[in-house]
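**Student:** here are the coordinates; sequence isn't available:
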DNA sequence: GTCCGTTTGTGAATGAGAACTCAAGCACTA
DNA sequence: TAGTGCTTGAGTTCTCATTCACAAACGGAC
């Protein structure tokens, strides 16, 4: 294994591999070949092998990958071994849904702080967490929280992002449109834009009004 | 403009262009250059021009693109001119949040049917829509609904997807893990996997425990 | 009507990622 | 110890996407 820059797409797939392996390990499987994993995850075998080879040699020829070993390694690579505290900014419909979403916990990610704009929500306690004023975001530095989920309207996204950055946040999962956020920010931002994804779905409907050229 | 296969990535960006243009038109801007649009949307100018050139010639040299004209054309291309009814499957935390999300409406997309598994929710009326049993999904054919949003647990994703397909659904916005869904389905499926996106965020944290090679 | 500054549309060049292929390696058998 | 059947790891090829660069086109000034 030589040194290589690791493609973004590879990193994007690592959590998928991890989930598949955990599933198999749960079922009692000790080994799995890249070919079988490919069938399960709908990702081609060579793709899986190449992705993994960027990080080391985890498999044994003739046998495959140890489900337990490889999932442990992937946890290490993804930095999911130590638990991470996450701040949730915005407790509207989406924020509330995310707080209640349980899928994060198995990866050691836990929401431990919530911030809101709306004075009527500030002070309320949900899931044992007191909702704080957005102005108190700076307190995150003290609490050593490095990750945040941004579930607020587009208008305030830029300002809040800057505030998070100043509070020492290093990674953001952002649900606001990506253009709302300062492009030259040093923080790693992963954007999920549900509206955009739904808006391009009708494009694929077969009965399509062609536009004049 | 010669005939070209249109790249997926281009289609993915079209709604972004549309949103930017609508924003500018609202502000009273009549024209915009690709360079200015690039600054706003954080997408390079040549990229924008090339993307648009796949569909026709919308701009005038020396002037730029008409905000109104181009946004109308993009609406046509994206098939967002006629209103679309959307079925929401799964009325848990996420489903409820999506129902209340208003961003869809400006694109002519409206949720007009809701399905659930949980007998305690079936029959309830939310936003003037009666929650139906998942078993009644076949009724979508009669109602001429072609799009669906899937906000259900991973376990039932495969079965429900098949049901949707049989009911004539042609496009799905899916929030379950992508491997849960039959890969050889003919329906267009766009998957959003929030858990996966959050799980790879810690990878980018600078203090990273390197794994042994 | 002509010149000038600006902006488009697009072929060509570059870059990134996916897929293919196969030599090398391991388990198992005898 | 040698042979067989799988499976990995990685160099090569191929496909797709982005960026560059420039000729052609337009508005406005004079």
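**Tutor:** Yep, that arrived. Since the model is a prediction, treat every value here as computed from it, not as a measurement.
**Student:** which parts of chain A are strands?
**Tutor:** Using DSSP state E, the strands of chain A run over residues A:31-32, A:59-60, A:64-66, A:84-89, A:109-116, A:125-126, A:129-133, A:147-150, A:171-174, A:188-191.
**Student:** so which of those strands is the most packed in?
**Tutor:** For the strands of chain A, the largest average neighbour count (mean count of other Cβ atoms under 10 Å in any protein chain shown) is found in strand A:147-150, namely a mean of 26. Where C-beta positions appear, they are placed from N, C-alpha and C, glycine not excepted.
**Student:** average pLDDT for that one?
**Tutor:** The average pLDDT for strand A:147-150 rounds to 97.
**Student:** run through who's touching that strand.
**Tutor:** Residues outside strand A:147-150 that contact it (Cβ atoms under 8 Å, 6 or more residues apart in numbering or on different chains) are A:84-90, A:95, A:98, A:109, A:111, A:140, A:157, A:160-161, A:164, A:169-176, B:198, B:201-202, B:205.
**Student:** got CSV for the strands of chain A, with distance to residue B:190 too?
**Tutor:** CSV is the format used below for those (distance: least, Cβ to Cβ, whole Å):
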stretch, distance to residue B:190
strand A:31-32, 28
strand A:59-60, 32
strand A:64-66, 30
strand A:84-89, 25
strand A:109-116, 24
strand A:125-126, 31
strand A:129-133, 32
strand A:147-150, 21
strand A:171-174, 18
strand A:188-191, 15
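**Student:** so can I have CSV of these showing distance to DNA strand C?
**Tutor:** Below are the strands of chain A laid out as CSV (distance: least, Cβ to the nearest atom of the strand, whole Å):
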stretch, distance to DNA strand C
strand A:31-32, 10
strand A:59-60, 5
strand A:64-66, 10
strand A:84-89, 25
strand A:109-116, 25
strand A:125-126, 39
strand A:129-133, 37
strand A:147-150, 23
strand A:171-174, 19
strand A:188-191, 15
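**Student:** how about the residues of chain A near DNA strand D?
**Tutor:** A:1-2, A:33-35, A:45-46, A:49-50, A:52-53, A:57-65 (Cβ under 7 Å from any atom of the strand).
**Student:** beta partners of the most centrally placed residue in chain A?
**Tutor:** Centroid check for chain A by Cα atoms, centre = their mean gives residue A:173 as the closest residue, at 6.4 Å. When assigned by DSSP bridges, residue A:173 has beta-bridge partners residue A:149, residue A:190.
**Student:** and it, what does it touch?
**Tutor:** Residue A:173 sits next to A:147, A:148, A:149, A:150, A:190, A:192, B:194, B:197, B:198, B:201 when contact means Cβ under 8 Å, 6+ apart.
**Student:** could you find the closest non-adjacent residue to the fourth one?
**Tutor:** When you say that, I think you mean residue A:150. Spatial nearest neighbour of residue A:150, chain neighbours left out: residue A:174 (4.5 Å); criterion: Cβ to Cβ, 6 or more residues apart in numbering or on different chains.
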